[in-house]
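Novice: One predicted model, sequence on top.
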Amino acid sequence: MYTIYVGDKPIILTNLVSKETDFKSFLLKSVDIDKVIKTLNSTELKAVHLVGKKSNKLLKRFLKLLPNVIAGGGKVRNANNEVLFIYRNDKWDLPKGKTEGKESIEETAIREVEEETGVSGLKISKPLPTTYHIFKRQGKYRIKITYWFEMTTKFDGKLFPQQDEGITKVEWLDAKSSEKALENSYANIRILI
């Protein structure tokens, strides 16, 4: 099973047919993805299930429905075990961004964290779950596939929000502050923290 977010509402890819309650089901092989997105955005439905036959082919088939944008990002901890957050578009988020050229996804994740926050000395400690969300650019929907990594740093210098990317704040947040920030964040970020 995979979950792709449209805002905070999930599209769940599954091979199981369930009785519809607060969600609606569509067949993955014949789905009109624009209709699904509009339905999620304009109704009280909590989710959409896209049903396919083979669980090992659900994601591959779904990713063919819209152009894909590949990104890398980081959940960074400092020496005080605080997590690095950015504030963009009136929401708390984790630093991430699109791949450039032939860089590896790990290189993308480190570069994006550095560019968006000013933090250096990053070391990847392990991969985290990959997230998927649908967004609209220039009138067209796309799927952002973000590969996340847990990172550590001993950096204790000044933080610099990348303002040309719409980032207005960068902060190290302790466990309690992180919990509060997640109340005004995205569903796919909450699963990482």
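Specialist: Everything's here; your move.
Novice: how much space between Leu40 and Pro10?
Specialist: Per C-beta to C-beta, to the nearest Å, Leu40 is found 9 Å from Pro10. Any C-beta I mention is one placed from the backbone N, CA and C, and that applies to glycine too.
Novice: send the alpha carbons of the helix or strand harbouring Phe135 over as PDB?
Specialist: In this structure, Phe135 sits in strand 131-137 according to DSSP states H and E. What follows is strand 131-137, C-alpha atoms only, in PDB (Å, rounded to 0.1, in the frame of the first residue of the first chain):
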ATOM      1  CA  THR A 131       7.000  10.600   0.400                       C
ATOM      2  CA  TYR A 132       4.700  11.400  -2.500                       C
ATOM      3  CA  HIS A 133       2.500  14.400  -3.000                       C
ATOM      4  CA  ILE A 134       0.600  16.100  -5.900                       C
ATOM      5  CA  PHE A 135       1.100  19.800  -6.500                       C
ATOM      6  CA  LYS A 136       0.100  22.200  -9.300                       C
ATOM      7  CA  ARG A 137       2.600  24.400 -11.200                       C
END
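Novice: Provide the strand pairings for the helix or strand just after it, with the direction of each partner.
Specialist: Once strand 131-137 ends, the next helix or strand along the chain (criterion: DSSP H and E) is strand 140-152. Within its sheet, and counting by DSSP bridges, strand 140-152 is paired with strand 68-77 (parallel), strand 123-127 (antiparallel), strand 131-137 (antiparallel).
Novice: Need the contact partners of the next helix or strand after strand 140-152.
Specialist: The helix or strand immediately downstream of strand 140-152 is strand 167-173, counting by DSSP H and E. Contacts of strand 167-173 from elsewhere in the structure, counted by C-beta atoms under 8 Å, 6 or more residues apart in numbering, are 78, 80, 82-88, 116-119, 159-161, 177, 181.
Novice: Would you quantify the distance from the residue lying closest to Ile134 once chain neighbours are set aside to Arg137?
Specialist: Once flanking residues are discounted, Ile134 sits nearest to Val6: 4.9 Å by C-beta to C-beta, 6 or more residues apart in numbering. For Val6, the distance to Arg137 (C-beta to C-beta) stands at 14 Å.
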